[in-house]
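J.: only the shape, not the letters, is given here:
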């Protein structure tokens, strides 16, 4: 196994990528990333940001050699030394084998480029805006609950936002945007108005509920990481699913739990175990609920996660802390942890 950093090769070659342990294979050229090659051939590998920043696609390189044009942010020296690779940035230098489980892409959810119109703008919290986009009349937008879209501001600037509504709600798309002070946030909070046109591409990502399991689901969200979780829970409720669902939602202040009442309705009417957690409550908040970090509340409540699936979304520190502690301390199989990390403002193309 070997990883190097090199410029583009003048001559592209075609190489075989094998996914272990299943043995599924696909072809990749030396001039495309392994992820791009898989997507081109109708296979979904776990991914989110597609630019090496989030680490969602990180997997073990079992055999072969890959290289990178630049050092990916999410691949540390220690990761590389331990044999890990990032398929969203790695290019095959030889035939390679990776620990990965491709998901056959559903023909009903191809990526589309579309022009939408702002239907409504509503502040759910002082720094959280709900944007509802009216979809074009030339067909519905098919996606898996939990996936995201790219808002295309210009060819060089994109903003990724998770879809917050279930696909059965035809005709519009709901997005939850926190104001980090970046170009898109500033535009939305200061100048965007109902009727404006928005260009978008999607759906993207592999953060969605796996339907081939009946294991209890634990959702862990921080801040606007609630948006894709909302879509997934509403879809489960719409389908009448019988899998037990727990929702742990964390914020710094109570106002960060901007759909607190909606989650309480889910708990009262559908039996969802809802646990709101606040880490920096102030006396004026009069908060009487759980305090601390949201993933630690899961550790306190559940002595074992060996028979669960976990879907975590939000700040990278929350996602990575949950991944580490749930697998090492609570016996969660690493293959049953699914995540989407929202990256900070320094990487606006994938900030949600």
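T.: Here it is on my side, so go on. Note that the structure is predicted; figures quoted are calculated from it, not measured.
J.: any weak-confidence spans in the protein?
T.: The model of the chain has pLDDT under 70 over residues 1-12, 104-109, 139-140, 343-352.
J.: and it, what are its domains?
T.: Domain assignment for the chain by automatic domain parsing gives 2-104, 112-204, 217-347.
J.: starting at the chain centroid, how far to the longest one?
T.: So the one you mean is domain 217-347. Domain 217-347 has its C-alpha centroid displaced from the chain centroid by 14 Å (Cα atoms, centre = their mean, to the nearest Å).
J.: repeat that for stretch 27-45.
T.: 20 Å.
J.: again with stretch 142-161
T.: 12 Å.
J.: looking at this, residue 326 is in a helix?
T.: Yes: Residue 326: assigned to a helix according to DSSP: H, G, I helix; E, B strand; the rest coil.
J.: the closest residue in space to it that isn't next to it in sequence and residue 48: what is the separation?
T.: Distances taken as Cβ to Cβ, 6 or more residues apart in numbering put residue 332 closest to residue 326, at 4.2 Å, once the chain neighbours are dropped. Placement of C-beta: from N, CA and C, glycine included. Relative to residue 48, residue 332 is positioned 19 Å away (Cβ to Cβ, to the nearest Å).
J.: got the buried residues for the helix or strand residue 189 falls within?
T.: Using DSSP states H and E, residue 189 maps to helix 183-190. Neighbour-count burial for helix 183-190, counted by 16 or more other Cβ atoms under 10 Å, picks out 184-185, 188-189.
J.: how about the helices of this protein, start to end?
T.: Taking DSSP state H as the test, the helices found in the chain are 34-40, 77-81, 183-190, 226-238, 260-270, 294-301, 316-329.
J.: just to revisit the earlier point, so residue 332 and residue 48 - more neighbours on which side?
T.: residue 48 (27 against 24; other Cβ atoms under 10 Å).
J.: please report how far that one lies from residue 327.
T.: For residue 48 relative to residue 327 (Cβ to Cβ), the value is 19 Å.
J.: would you mind finding the longest strand in this structure?
T.: Ordering each strand of the chain by length in residues (DSSP state E) puts strand 112-125 first.
J.: what are the ranges of the strands in the stretch 51-200 of the chain?
T.: 59-63, 65-68, 84-85, 91-92, 96-99, 103-104, 112-125, 128-134, 148-154, 157-162, 172-178, 197-204 (DSSP state E, counting those that start in this stretch).
J.: could those strands go into JSON lines alongside mean neighbour count and distance to residue 340?
T.: Listed next are those as JSON lines, based on neighbours: other Cβ atoms under 10 Å; distance: least, Cβ to Cβ, whole Å:
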{"stretch": "strand 59-63", "mean neighbour count": "18", "distance to residue 340": "16"}
{"stretch": "strand 65-68", "mean neighbour count": "20", "distance to residue 340": "23"}
{"stretch": "strand 84-85", "mean neighbour count": "24", "distance to residue 340": "19"}
{"stretch": "strand 91-92", "mean neighbour count": "26", "distance to residue 340": "24"}
{"stretch": "strand 96-99", "mean neighbour count": "21", "distance to residue 340": "20"}
{"stretch": "strand 103-104", "mean neighbour count": "12", "distance to residue 340": "15"}
{"stretch": "strand 112-125", "mean neighbour count": "15", "distance to residue 340": "20"}
{"stretch": "strand 128-134", "mean neighbour count": "20", "distance to residue 340": "17"}
{"stretch": "strand 148-154", "mean neighbour count": "19", "distance to residue 340": "7"}
{"stretch": "strand 157-162", "mean neighbour count": "23", "distance to residue 340": "7"}
{"stretch": "strand 172-178", "mean neighbour count": "22", "distance to residue 340": "13"}
{"stretch": "strand 197-204", "mean neighbour count": "18", "distance to residue 340": "10"}
